[in-house]
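1. sharing a model prediction with you, sequence too.
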Amino acid sequence: MSAFESETFSIRAMTAGDLASVVDLERRCHVNPWSKQLFEEELSRHQSAVDLLWQSERLVGYICYWRICDELHILNVAVDPAFRRRGLGRLLLSHALKCGCARGCERAILEVRAGNSGAISLYQAFDFTLIGRRDRYYPDGEDALVMERKIACD
Ligand SMILES: CC(C)(COP(=O)(O)OP(=O)(O)OC[C@H]1O[C@@H](n2cnc3c(N)ncnc32)[C@H](O)[C@@H]1OP(=O)(O)O)[C@@H](O)C(=O)NCCC(=O)NCCS
């Protein structure tokens, strides 16, 4: 049975009142987590969206993306380790692509750590393809892969 048949999930935009929960989840999901200040900056950027995935009152994931002209930039996506491999990463990515489509975005682009095989598999499942590599892009020296896909609204 999929997560969606057995449980109720909802997505809503982040507000300042969610900062502590989001920063806590971020720390549990990333090697170099974003700071509270960085999330605050995202809240104040008009082109940015941080959308949160909830199971009832529990924050289980989020996705951050920018809409810039006809491009959707996916900056961050994370799912609580206890909720992984249940389709929630897919749900968040689908949501962002739909929002991009509604805003007239024609392509989606993202960077991912070259060694993050789980995330790369997720993006490949969404037809993202490799378009570049940024050497030693991350603070710890890891390369970034640049991936892109067209957004076809249906
Ligand atoms: C990447 C991440 C968001 C995926 O979330 P998730 O909810 O587990 O993903 P889903 O269950 O929707 O997976 C969808 C598909 O992606 C692929 N996938 C996801 N995680 C994978 C993993 N660890 N290994 C291999 N494939 C994986 C699979 O094809 C999977 O389909 P399947 O389960 O039917 O095989 C989650 O692992 C995470 O939060 N990681 C830490 C943060 C991070 O690295 N974010 C991405 C960079 S910003």
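-> It's in.
2. okay, now K36: neighbour count?
-> 13 (other Cβ atoms under 10 Å). Heads up, the C-betas are built off the backbone N, CA and C, glycines and all.
3. give the contact list for it.
-> Applying Cβ atoms under 8 Å, 6 or more residues apart in numbering to K36 gives the contacts L19, V23.
4. confidence score at it?
-> As predicted, K36 sits at a pLDDT of 98.
5. grab the nearest non-local neighbour of the residue nearest in space to the middle of the chain.
-> Central residue of the chain (Cα atoms, centre = their mean): V77, 2.4 Å from the mean position. Spatial nearest neighbour of V77, excluding adjacent residues (Cβ to Cβ, 6 or more residues apart in numbering): I63 at 4.5 Å.
6. and that neighbour, what helix or strand is that in?
-> strand 58-68 (DSSP states H and E).
7. ok, and what's touching that strand?
-> 9, 14, 18, 21-22, 25, 42, 45, 47-54, 72-80, 83, 88-89, 92-93, 95-96, 99-100, 103, 105.
8. buried set for it?
-> Buried residues in strand 58-68, defined by neighbour count with 16 or more other Cβ atoms under 10 Å: L59, V60, G61, Y62, I63, C64, Y65, W66, R67.
9. mind checking which of the contacts of strand 58-68 are buried?
-> In the contacts of strand 58-68, the ones that pass as buried (16+ other Cβ under 10 Å) are 9, 14, 18, 21-22, 25, 42, 48-54, 72-80, 83, 88-89, 92-93, 95-96, 99-100, 105.
10. can you narrow the residues you listed to ones near the ligand?
-> By Cβ under 6 Å from any ligand atom, the members of the buried ones among the contacts of strand 58-68 lying near the ligand are N76, V77, A78, V79, L88, G89.
11. tell me the residues of the protein that contact the ligand?
-> Residues of the chain lying near the ligand (Cβ under 6 Å from any ligand atom): 29-30, 76-79, 84-90, 112, 116-119, 121-122, 125.
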